[in-house]
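J.: Any chance you can model this:
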Amino acid sequence: MKKIITKPWGNYTVLSKGNNFLLKKLIVKPGQILSYQSHQYRSEHWVIISGKATVIINDKNHYICKKENIFIPQRAKHRVLNESKTKNLILIEVQTGTKFLESDIKRYSDIYGRLK
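T.: Residues are numbered from 1 along each chain as shown. All right, here's what the predicted structure looks like:
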């Protein structure tokens, strides 16, 4: 069974990992938002499985829903917001690059006080 990692905004599960990729399932609780962040060593591709997402990439808003996807280039500032009051946002995140570490997160703003 895969380990669920709890975060203030919801949780994620690592589904698969290889030399040049990492695959995660993220569940963002209603009304929650991830930090505005970037990554030095990886890009991300998000596929929405359930719900509607507001994705901010380099200060531009994108609205995507079930069966849609969006690409976040390496070093781009980004975040995702679940504006639903009642439903979880579920997305699959495909990371590609050279390093897949939680320490490869540079936060610019965070409502949970996790700036570093």
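J.: Would you report the backbone torsion angles of Asn58?
T.: phi 50, psi 50 (degrees, to the nearest 10).
J.: Quick check: pLDDT value at it.
T.: Asn58 carries a pLDDT value of 98.
J.: quick one, what contacts it?
T.: 76-78 (C-beta atoms under 8 Å, 6 or more residues apart in numbering). Every C-beta, even on glycine, is put in place using the N, C-alpha and C of the backbone.
J.: same check, this time on Gly51
T.: 28, 65-66, 82, 84, 87-90.
J.: re earlier: buried by neighbour count, from the contacts of Asn58: which ones?
T.: Among the contacts of Asn58, those scoring as buried are 77-78 (criterion: 16 or more other C-beta atoms under 10 Å).
J.: Mind putting the contacts of Asn58 into a markdown table with secondary structure and pLDDT?
T.: Converted to a markdown table, those look like this (DSSP: H, G, I helix; E, B strand; the rest coil; pLDDT from 0 to 100):
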| residue | secondary structure | pLDDT |
| --- | --- | --- |
| Ala76 | coil | 98 |
| Lys77 | coil | 98 |
| His78 | strand | 98 |
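J.: what's the closest of the contacts of Asn58 to Leu23?
T.: The closest of the contacts of Asn58 to Leu23 turns out to be His78 (C-beta to C-beta; 17.9 Å).
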